[in-house]
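Visitor: A structural model of the following input is requested.
(chains A and B)
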Amino acid sequence: MSYDFRNTPTIDQVGIEERVARFNTRSIKKGTKVQALKLALNMIDLTTLEGKDTEGKVKQMCYKAIHPHLALPDLPSTAAVCVYPTMVKTAKDALKGSSVKVAAVSTAFPSGNSTMQIKLLDTKFALDNGADEIDMVISRGEFLKGNYNFVFDEIAAIKELTHKYNARLKVIFETGEISTLDNVRKASDIAIYAGADFIKTSTGKIGVAATMPVTLVMLDAIKDYYFKTGIMVGMKPAGGISTAKGALQYLVMLHETLGNAWLDNKWFRFGASSLANDLILQLEKEARGVYFSKDYISVD
Amino acid sequence: MAKKEAKKLEYFTDWKYAPAPEATDHIRLQKQYELFINGKFVKPNSGKYFDTINPANEEKISSIAEANDKDVDLAVKSARTAYDKTWSKMPAKERAKYIFRIARLIQERARELSVIETMDGGKSIRESRDIDVPLAANHFFYYAGWADKLEYAFPNRKPQSLGVAGQVIPWNFPLLMAAWKIAPALATGNTVVLKPAETTSLTALKLAEIIQESGLPDGVVNIITGHGPVGASMVNHKDINKIAFTGSTNVGKWIQKAVAGTDKKLTLELGGKAANIIFEDAPINQAVEGIVNGIFFNQGHVCCAGSRLFVQESVAEEVIRKLKDRLETLIVGDPLDKNTDIGAINSKMQLNKINEYLKIGVNDGADMYQSSCSIPKKGFFVRPTLFLNTSQSHRISQEEIFGPVLAIQTFRTIEEVIEKANNIPYGLSAGVWTDKGSRIFNMTSKLRAGVVWANTYNKFDPTSPFGGYKESGFGREGGLHGLAPYLKF
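Guide: Residues are numbered from 1 along each chain as shown, chains lettered A, B, ... in the order given. So this is what the prediction gives:
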């Protein structure tokens, strides 16, 4: 489908912020809350993306992904773990037999400043090692230069590769770098039309990560595309969401923007590491009526 | 990517929000309320009382005193005495302290006032908590600041107070309208006789308690309750210097006739039928929010509601589809539930009027579209409603419905939309949605409306003047401009 990216809809920042404030006044209680806390846990891409990552660290995290909290055995597992390509094999082995997917960041994550050839090799390496999902970054420099075709083409090229492996592609904009909501909307349209299965806010490697206004703009882009084509695209806010309360506000926004169909980890993910334990803390509170010491909840 | 045929989204099917009602156990209401005259609650001379009910469940909340001519006279006399003996002689900065104290007391009792406002009037607790009550307090704060600075507001014009102000307010923002009226009147050194609307007297009477608690000298503010004849008696009273009225255009016309030939000053804030105009380059998703906020805010019981939507034809299909989709996510129901977006219609009478207009719209040939939401069996509720394919000559496009009902027209050119927007006896407010700054300024100078919002709607602030053109009334409330109607120069 052809689309002129110079004509993407404009965004009114004040309007977006007001809408977000409305979502945040929703009162989520009792059964509604427990359901949402479990759903949020089930939507997490449990993430470790550090220079000091080792096989040992990744294995520990994978166990946590399958068994978030032994004291509450009926909790769902997280959706996926998210690691560097070199850790894919370790994660894949550690998660064998579970429903938890392995997502690999690629294309010279987090800056994306490399040649197309290296980005393709990076991605292919992760896929050959068994990655189920690829989290790529766009070239923000080219985007800010107005070179939208470049960005479109690089997404399309990576998509061609992930498609061969039947892997799902998440496209990271690093919204803290492209900065304006108008740019976020433009990047969303470019990625969606280039074939992204998911659009994702941030790498988690710079100061400004996911925010609700940015996420709302991206959800609106997904909705507009769905109304045009009937095709669903997923959303992944990443970085900065560390509390259960914050996660519930995201779910309210997701629910009232895209409806029930998206309330599933096939279509929505949280890129987070510390969120899981706060969700567990709140679930314990709902189950037992009191807050536990955090020492009862494992840190992996 | 999953391909789906039906491009309709479903909400609230798998994940419903559990009820989250605001607690009412801390609310202390008397079985019967008296008139507030000369700093005391006194029984009405008529000996009569009427019921005030909760429009969300039709249950009686309390009995309210019905004033008669004698009570009006007593209230005016007490206001006159307070004006002559105390209030007009008090240094302005002392007056300011009392106004400031009232503002603080409203803030302290904000939760109680919000809950009562919602119980008595039907508006959602979200709105009374986040908008009505904080704004009411802010009006008192703002005008407290002006009290000793009138010379600076009107330099070299020697501003002087008028005397006794008679104020009649509507039922759509009961406490807020009382604040709009009382705060500038006190700041300018006048004394007040205020009559709230008969369906929503409670928060005004709570305000009377607050005024008592604030130590404001007796008689400076008198609050008398009752039906239309009480207001008429105030309008006709010989010793009132100023009438301020907010309400329907019909009553406004009658008041203007009644005060003709007297030396009473008058301000009227009457009905409206505002045009909310969406251009093709508007931020569409935010504009849809603005349309929703424009017409469904306070169940559409807003004189400046954006009740006529004009959409440029090139984006009409998209805007209407998105609007229909957004309607499905509006939660209609118990006004005390913190998640409720649209509460109850204020009264049975208003419900009947709205339903009558729905029939008229359909009979006139417009296409009615309503949200599929369920509404409570008891109480007064209306589903959010759109009328598509309306024309300028339809009654639903011309008359003020004062309910959650939006008449939608399309337009092609800027000249066409300006002509249609102005082609109405009202002129209170309008909205313009476009990404182009120059077009906003062009539109604001051509629209015959007192307030024009650009890329937003229904925004209120004590510092900003509010009021109408044409049959929407005259005089301004709020801001520096809001002082002038209570002063002579």
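
Visitor: ok, residue B:324 - how many residues close by?
Guide: Per other CB atoms under 10 Å in any protein chain shown, the neighbour tally for residue B:324 reads 16. No exception for glycine: its C-beta is placed from N, CA and C like everyone else's.

Visitor: look up how far chain A lies from it.
Guide: Using CB to the nearest CB, to the nearest Å, residue B:324 is found at 11 Å from chain A.

Visitor: how about residue B:58?
Guide: Relative to chain A, and taking CB to the nearest CB, residue B:58 is found at 25 Å.

Visitor: which residues are in contact with the closest residue to chain B within chain A?
Guide: For chain A and chain B, the shortest gap (CB to the nearest CB) falls at residue A:15, measuring 2.9 Å. Residue A:15 sits next to B:283, B:285-287, B:289-290, B:455-456 when contact means CB atoms under 8 Å, 6 or more residues apart in numbering or on different chains.

Visitor: could the residues you listed be laid out in TSV, adding secondary structure?
Guide: Compiled in TSV, these are given as follows (DSSP: H, G, I helix; E, B strand; the rest coil):
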residue	secondary structure
B:283	coil
B:285	helix
B:286	helix
B:287	helix
B:289	helix
B:290	helix
B:455	coil
B:456	coil
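
Visitor: now the buried members of the residues you listed.
Guide: Buried residues within the contacts of residue A:15, counting neighbours by 16 or more other CB atoms under 10 Å in any protein chain shown: B:283, B:285-287, B:289-290, B:455-456.

Visitor: identify, from those, the entry nearest to chain A.
Guide: The closest of these to chain A turns out to be residue B:286 (CB to the nearest CB; 2.9 Å).

Visitor: coming back round to it: for the residue of chain A closest to chain B, pull up the helix or strand it's in.
Guide: Using DSSP states H and E, residue A:15 sits in helix A:13-23.

Visitor: how far does the helix or strand just after that helix sit from its chain's centre?
Guide: Downstream of helix A:13-23, the next assigned helix or strand under DSSP H and E is helix A:30-42. Centroid separation between helix A:30-42 and its chain, computed with CA atoms, centre = their mean, to the nearest Å, is 18 Å.

Visitor: give the other helices and strands that the following helix or strand past helix A:30-42 contacts.
Guide: Heading C-terminal from helix A:30-42, the first helix or strand you meet, by DSSP H and E, is strand A:44-47. If you count contacts as 3 or more CB pairs under 8 Å, 6 or more residues apart in numbering or on different chains; DSSP states H and E, strand A:44-47 packs onto helix A:55-66, strand A:80-83, strand A:270-272, helix A:275-288.

Visitor: what does the stretch 1-150 of chain A put close to chain B?
Guide: The stretch 1-150 of chain A has residues A:9-12, A:14-16, A:18-19, A:25-33, A:35-36, A:39 near chain B, with proximity defined as CB under 8 Å from any CB of the partner chain.

Visitor: of these, keep whichever come out buried.
Guide: Buried among these by 16+ other CB under 10 Å: A:9-12, A:15-16, A:18-19, A:26-28, A:32-33, A:35-36, A:39.

Visitor: any stretches of the chain with poor pLDDT?
Guide: Since you didn't name a chain, this refers to chain A. A:1-3 (pLDDT under 70).

Visitor: my question was about chain B
Guide: Counting by pLDDT under 70, chain B contains low-confidence residues at B:1-6.

Visitor: care to break it down by domain?
Guide: What automatic domain parsing lists as the domains of chain B is B:32-270+B:471-488, B:275-461.

Visitor: which helix or strand contains residue B:409?
Guide: Assigned by DSSP H and E, residue B:409 falls in strand B:405-411.

Visitor: so what touches that strand?
Guide: The contact list for strand B:405-411, computed with CB under 8 Å, 6+ apart, reads B:277, B:291, B:295, B:300, B:306-313, B:316, B:320, B:354, B:357-358, B:361, B:366, B:382, B:385-392, B:394, B:396-397, B:417, B:420.

Visitor: give the buried subset of those residues as a ChimeraX selection command.
Guide: In ChimeraX, this line selects whichever of the contacts of strand B:405-411 come out buried by 16+ other CB under 10 Å:
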select /B:277,291,295,300,306,307,308,309,310,311,312,316,320,354,357,358,361,366,382,385,386,387,388,390,394,396,397,417,420
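
Visitor: residues in contact with residue A:91?
Guide: Residue A:91 neighbours (CB under 8 Å, 6+ apart): A:58, A:62, A:81, A:83, A:102.

Visitor: from those, which is closest to residue B:52?
Guide: For these, the closest approach to residue B:52 (CB to CB) belongs to residue A:81, at 60.4 Å.

Visitor: does the closest one touch residue A:47 like I think?
Guide: Yes - at 7.3 Å, residue A:81 counts as touching residue A:47 under the criterion of CB atoms under 8 Å.

Visitor: which of those two has more neighbours?
Guide: Counted by other CB under 10 Å, residue A:81 and residue A:47 do not tie: residue A:81 has more neighbours, with 27 against 24.

Visitor: and the closest residue to residue B:303 other than its chain neighbours, backbone torsions?
Guide: In space, and not counting its chain neighbours, residue B:303 is closest to residue B:272: 4.7 Å by CB to CB, 6 or more residues apart in numbering or on different chains. Backbone torsions for residue B:272, taken as degrees, to the nearest 10, come to phi -160, psi 160.

Visitor: residues of chain B that sit close to chain A?
Guide: Contact residues, chain B versus chain A (CB under 8 Å from any CB): B:1-7, B:9-18, B:20, B:126, B:130, B:281-287, B:289-290, B:321, B:329, B:338-339, B:435, B:455-456.
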